[in-house]
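Asks: Mind folding the following:
(2 chains)
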2 protein chains.
Amino acid sequence: MTGWTLPVPMARALAQAEQSAAAGEVPIGAVVTCRGEVVAEAHNEPRATHDPTAHAEILAIRRAAEALGSERLTDCELWVTLEPCAMCAGAIVHARIAKLYYAASDPKGGAVEHGARVFEQDQCLHKPEVYSGMGEARAAELLREFFRERR
Amino acid sequence: MTGWTLPVPMARALAQAEQSAAAGEVPIGAVVTCRGEVVAEAHNEPRATHDPTAHAEILAIRRAAEALGSERLTDCELWVTLEPCAMCAGAIVHARIAKLYYAASDPKGGAVEHGARVFEQDQCLHKPEVYSGMGEARAAELLREFFRERR
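Replies: Alright, predicted model coming up:
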């Protein structure tokens, strides 16, 4: 039997999440691809940078926009290890990300299929295509380990 | 008759919004105060910086957190000329802003009293006190002028 191999961008997002945990930050990683190429990657770093907005998705989106020289990431895809919160879902809308892939869902803080359900609001100007579940077991395991060690 | 004088932080947020319009950015300004002192101010600048997350509130929160050396702005107040969107409301939660003052409400993009209503979600970990309406006529006029000239 051969295990299914994760797409490269999600594997890299999980590797970013592992780096995040090693750095003492909540283990969440994100990657932005544009036409099949990785253009930015990031992990959470609000503690190290004293920046409450420094979630993996925000950093990856900012780095991708800088790399591409555009505030619109119309041809881009975002790969993230956890369901985005309201802040990050809002940033995905503003950046016009075409497709969002996230691993684990997050009933406590997610705002895609939970809570604020940002993309489902009538006022939402841009709805990305959303695919969830790829790599979710590993993404959730990283978070459980991180919080278990800190309890 | 003497007109009511706006509190200084909101007057400065409106001045930031005017600077925003002069720079060709959507006229929205924000100020963060901590125990009565202004610690950060900003206006929208996604166009100039190619950063889709560069809303006035996000920039003001990031600058305040940097100035105070903390990702938590527990003793701080945010003053902004327009009702925050989902991204900015989420950032307000993460930063633990104590009080939010906004001038004009925004049925099209606001996520405090409209749309995603971020602070009203059961999962919301921190709800700031919210006060709206102060300076709203001037804040709304700046936005109308800006979009009228660009139509």
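
Asks: those helices in chain A, which residues are they?
Replies: Secondary structure of chain A (DSSP state H): helices at A:8-22, A:46-49, A:56-68, A:86-95, A:136-150.

Asks: Switch those helices over to CSV; also include mean pLDDT and distance to chain B.
Replies: Placement of C-beta: from N, CA and C, glycine included. Shown next, in CSV, are the helices of chain A (pLDDT from 0 to 100; distance: least, Cβ to the nearest Cβ, whole Å):
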stretch, mean pLDDT, distance to chain B
helix A:8-22, 98, 15
helix A:46-49, 96, 5
helix A:56-68, 98, 5
helix A:86-95, 98, 3
helix A:136-150, 96, 15
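
Asks: Show me which of these has the highest average neighbour count.
Replies: Mean neighbours per residue, mean count of other Cβ atoms under 10 Å in any protein chain shown, is largest over the helices of chain A for helix A:86-95, with a mean of 30.

Asks: so what's A:Ala23 up against?
Replies: A:43, A:45, A:48 (Cβ atoms under 8 Å, 6 or more residues apart in numbering or on different chains).

Asks: ignore the last one, A:Gly90
Replies: Taking Cβ under 8 Å, 6+ apart, one finds A:118, B:85-90, B:111, B:116 in contact with A:Gly90.

Asks: Kindly report the same for A:Leu125.
Replies: A:Leu125 touches A:93, B:109, counting by Cβ under 8 Å, 6+ apart.

Asks: Next: A:Val32.
Replies: By Cβ under 8 Å, 6+ apart, the contact list for A:Val32 reads A:38-41, A:60-61, A:63-64, A:73, A:76-79, A:97.

Asks: May I have the beta-bridge partners of it?
Replies: In this structure, A:Val32 bridges to A:Ala40, A:Leu78 when assessed by DSSP bridges.

Asks: same thing with A:Leu82?
Replies: Using DSSP bridges, the bridge partners assigned to A:Leu82 are A:Ala104.

Asks: Check what pLDDT it gets.
Replies: Model confidence at A:Leu82, given as pLDDT, is 98.

Asks: what would the contacts of A:Ala23 look like in a markdown table with distance to A:Val130?
Replies: Output for the contacts of A:Ala23, formatted as a markdown table (distance: Cβ to Cβ, whole Å):
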| residue | distance to A:Val130 |
| --- | --- |
| A:His43 | 21 |
| A:Glu45 | 25 |
| A:Ala48 | 29 |
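
Asks: related to what we said a few turns ago, could you work out the most separated pair of the contacts of A:Gly90?
Replies: The distance between the two most remote of the contacts of A:Gly90 (Cβ to Cβ) is 12.2 Å, for A:Val118 and B:Cys88.

Asks: who touches both of the two?
Replies: Shared contacts of A:Val118 and B:Cys88 (Cβ under 8 Å, 6+ apart): A:90, B:111.

Asks: any idea how far A:His50 is from the most centrally placed residue in chain A?
Replies: Closest residue to the average C-alpha location of chain A: A:Val80 at 2.7 Å, with Cα atoms, centre = their mean. According to Cβ to Cβ, to the nearest Å, A:Val80 and A:His50 sit 22 Å apart.

Asks: Equivalent analysis for A:Glu41, please.
Replies: With Cβ to Cβ as the criterion, A:Glu41 and A:His50 are 21 Å apart.
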